[in-house]
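K.L.:
how would this look folded up:
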Amino acid sequence: MNVSVASRLSHTGEYYFSRKLRELAALNAAGANIISLGIGSPDLPPHPSVTAALAATAALPTAHGYQSYQGTPALRGALAAFYQRHYGVALDPATEILPLLGSKEGLMHIGMTFLEAGDAVLIPNPGYPTYRAVAEICGAEVREYDLTAATGWLPDLGALAATDLSRVKLMLVNYPHMPTGTPAGRPFLTELVEFARAHNILLVHDNPYGFVLNETPPTSLLSIPGAKDVALELNSLSKSHNLAGWRVGALVGRADLLADILRFKSNMDSGMFLPVQQAAVAALALGDDWFAELNATYRARRTLVVELLQALGCAPAPGQVGLFIWAPVPPQYADGYALSDAVLAEARVFLTPGGIFGSNGLGYIRASLCQPESLLREALARVVAMREAQHTALPAA
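P.N.:
Have a look, this model is predicted:
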């Protein structure tokens, strides 16, 4: 029997890391022993109180049924308290918070709720590949806005305003930015809110990285005056609380917009497992000492990853926020793909080519901090040995 694939997938391939992790697994099965510095999946465990809350709730005989499509009052209350404590943002836990099975699914819920053929979406280049996939699956026109080192990886809102924005319904933004690690200050966020209001565009701010290696207090877009009128914000416990595999996120913002999204979401899932919700409540209550310990680990790792990239001839910019280090490719390589392929073949270390995030990332490479120091030291040693072998192989002058 022949079953045709829906046309909505005509522009959408399998996610890059889905394919790449399968390739790396095959190499490892053949004995290659690849050290992957690719995906940003935290290897550290959650706080013990979080796993204890999970286990205690899972032991209850009443904990295993379907849950509310809007999450428990306890989880929504914990999210509201977290936003107030860390961002100074007041949210109504009953109407302005929608827990998610990870923020990635929230992107699709937003797209399916608001986008259709004839609409246009502004997405960053470079940026998270799922932004493009969601827009295309929903039938919307993708319009990229450029982010470059020359503009500090911030969009030129003046140049955007000079274009025809009449069909643009959504603008996806992400600060601290992945993959570049760029934070955004309040002056820019204020300008962004004014831009959205002037052009009747709904901002969707993806905000999972603010608590990792951020030397300034984390910022919510909703802390900007007037932002709640024109913006929704996605947040996640994956990076900040080491819960990537647990799939815990939230969408926050205007009550009427969340109610519209719930119309779609409630037809797609049957709520979050109660023990996971109770564990998330425990995670959200953790104090600043949790983040201090987490960041001490990542700072030590960052030193090694920067040294590894410098050994390759890269020069990463300082002050990057999040789980990755982004760096321009040295001139002897055509692009990030060429460098990634060379390091994988010659050093058995995988680095992510920047081109998977868009054309403005072609000349860059990204390295993850999600490996223990022992493996990072081994990866560094392999790269140094690779470079020494390359120099030895050069013909004498």
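
K.L.:
buried stuff in the lengthiest helix in the chain?
P.N.:
For the chain, the helix that runs over the most residues, judged by DSSP state H, is helix 288-311. Within helix 288-311, the residues that count as buried by 16 or more other Cβ atoms under 10 Å are 290-291, 294-295, 298, 301-302, 304-306, 308-309, 311. (Glycine included, C-beta is placed from N, CA and C.)

K.L.:
Flag the shaky bits of the chain, pLDDT-wise.
P.N.:
Residues of the chain that meet the criterion pLDDT under 70 lie in 393-397.

K.L.:
Looking at the buried residues of helix 288-311, which is nearest residue 334?
P.N.:
Ranked by distance to residue 334 (Cβ to Cβ), the buried residues of helix 288-311 are led by residue 309 at 17.6 Å.

K.L.:
which SS class is the nearest residue to that closest one once chain neighbours are set aside?
P.N.:
Once flanking residues are discounted, residue 309 sits nearest to residue 327: 4.8 Å by Cβ to Cβ, 6 or more residues apart in numbering. Secondary structure, DSSP: H, G, I helix; E, B strand; the rest coil: residue 327 is strand.

K.L.:
same thing with residue 110?
P.N.:
Residue 110 - assigned by three-state DSSP - is helix.

K.L.:
Helix or strand for the closest residue to it other than its chain neighbours, just tell me which one.
P.N.:
Computed as Cβ to Cβ, 6+ apart, the closest residue to residue 110 that is not its neighbour in sequence is residue 204, at 5.8 Å. Assigned by DSSP states H and E, residue 204 falls within strand 202-206.

K.L.:
following that strand, which helix or strand shows up next?
P.N.:
Heading C-terminal from strand 202-206 (DSSP H and E), you reach helix 227-230.

K.L.:
how close does the residue nearest to residue 309 sit to residue 273?
P.N.:
Taking Cβ to Cβ, to the nearest Å as the measure, residue 327 and residue 273 are separated by 39 Å.

K.L.:
Same question for residue 234.
P.N.:
Taking Cβ to Cβ, one finds residue 234 at 20 Å from residue 273.

K.L.:
What is the burial count for the residue nearest to residue 110?
P.N.:
If you count neighbours by other Cβ atoms under 10 Å, residue 204 ends up with 27.

K.L.:
Help me confirm that it comes into contact with residue 227.
P.N.:
No - look at residue 204 against residue 227 with Cβ atoms under 8 Å: they stay out of range, at 11.9 Å.

K.L.:
And for residue 337, the neighbour number?
P.N.:
Residue 337: 16 neighbours (other Cβ under 10 Å).

K.L.:
Helix, strand or coil: sort out it for me.
P.N.:
Assignment for residue 337 (three-state DSSP): helix.

K.L.:
Can you tell me, leaving aside adjacent residues, what's nearest to it?
P.N.:
residue 353 (4.3 Å).

K.L.:
Please report phi then psi for the one you found.
P.N.:
phi -70, psi 130 (degrees, to the nearest 10).

K.L.:
In this structure it contacts residue 336, no?
P.N.:
Yes - at 3.6 Å, residue 353 counts as touching residue 336 under the criterion of Cβ under 8 Å.

K.L.:
where do the contact lists of these two overlap?
P.N.:
Counting by Cβ atoms under 8 Å, 6 or more residues apart in numbering, the shared contacts of residue 353 and residue 336 are 361, 365, 366.

K.L.:
Assumed the last one was part of a strand.
P.N.:
Yes - assessed with three-state DSSP, residue 366 lies in a strand.

K.L.:
Now do the contacts for it.
P.N.:
Contacts of residue 366 by Cβ under 8 Å, 6+ apart are 179, 324, 325, 326, 327, 336, 351, 352, 353, 354, 357.

K.L.:
Likewise for the first one?
P.N.:
By Cβ under 8 Å, 6+ apart, the contact set of residue 361 is 125, 126, 179, 336, 353, 354, 355.

K.L.:
Can you tell me, leaving aside adjacent residues, what's nearest to the last one?
P.N.:
In this structure, residue 355 finds its nearest non-sequential neighbour in residue 362, 4.3 Å apart by Cβ to Cβ, 6+ apart.

K.L.:
Neighbours of the one you found, how many?
P.N.:
Neighbours around residue 362, by other Cβ under 10 Å: 17.

K.L.:
ok, now residue 379?
P.N.:
25.

K.L.:
same check, this time on residue 148
P.N.:
14.

K.L.:
Over to the closest residue to it other than its chain neighbours. Which of the three states is it?
P.N.:
Among residues not flanking residue 148 along the chain, residue 360 sits closest, at 5.8 Å (Cβ to Cβ, 6+ apart). Residue 360 falls in the helix class when you classify it by three-state DSSP.

K.L.:
Provide a list of residues in contact with residue 360.
P.N.:
125, 126, 146, 147, 148.

K.L.:
Just send these back as TSV, with secondary structure too.
P.N.:
Converted to TSV, the contacts of residue 360 look like this (three-state DSSP):
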residue	secondary structure
125	strand
126	coil
146	strand
147	coil
148	coil
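
K.L.:
Noted, bye for now.
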